[in-house]
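Peer 1: Got a predicted structure here, sequence first:
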Amino acid sequence: MVVLPQYVMVVLKGSVPMAFGGTQEPAAYGELVSIGGLNLDVNKKLSAAIASILESKLSVPKSRFYLKFYDSKVHE
């Protein structure tokens, strides 16, 4: 999978009250939308990379985030 930076958009909202697993410890929720290219293997790799960033940069443990994947079909 090739990721073209000119087509990547990231929106972060900090300080949003969030309960995850019954606690309010640091947590994250994300939605990843792609026009084609997502599958189980790609999703696993993306999840691992995002988990690493969340943990190292935002102190969100790998067990306290949820990603929702959307694969939009290409319409020609």
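Peer 2: Nice, I can see it.
Peer 1: Got the confidence number for Leu58?
Peer 2: Note on Leu58: pLDDT of 91.
Peer 1: Give me the contacts around the helix or strand where Ile53 lies.
Peer 2: According to DSSP states H and E, Ile53 maps onto helix 40-58. With contact meaning Cβ atoms under 8 Å, 6 or more residues apart in numbering, helix 40-58 is reached by 1, 26, 28, 30, 32, 60-62, 65, 67, 69. The C-beta positions use only the backbone N, C-alpha and C, and glycine is treated the same way.
Peer 1: could you redo the last one with a cut-off of 7 Å?
Peer 2: Applying Cβ atoms under 7 Å, 6 or more residues apart in numbering, the contact partners of helix 40-58 are 1, 28, 30, 32, 60-62, 65, 67, 69.
Peer 1: Can you list the low-confidence ranges for the chain?
Peer 2: Along the chain, segments meeting pLDDT under 70 span 1-5, 76.
Peer 1: That'll do, ta.
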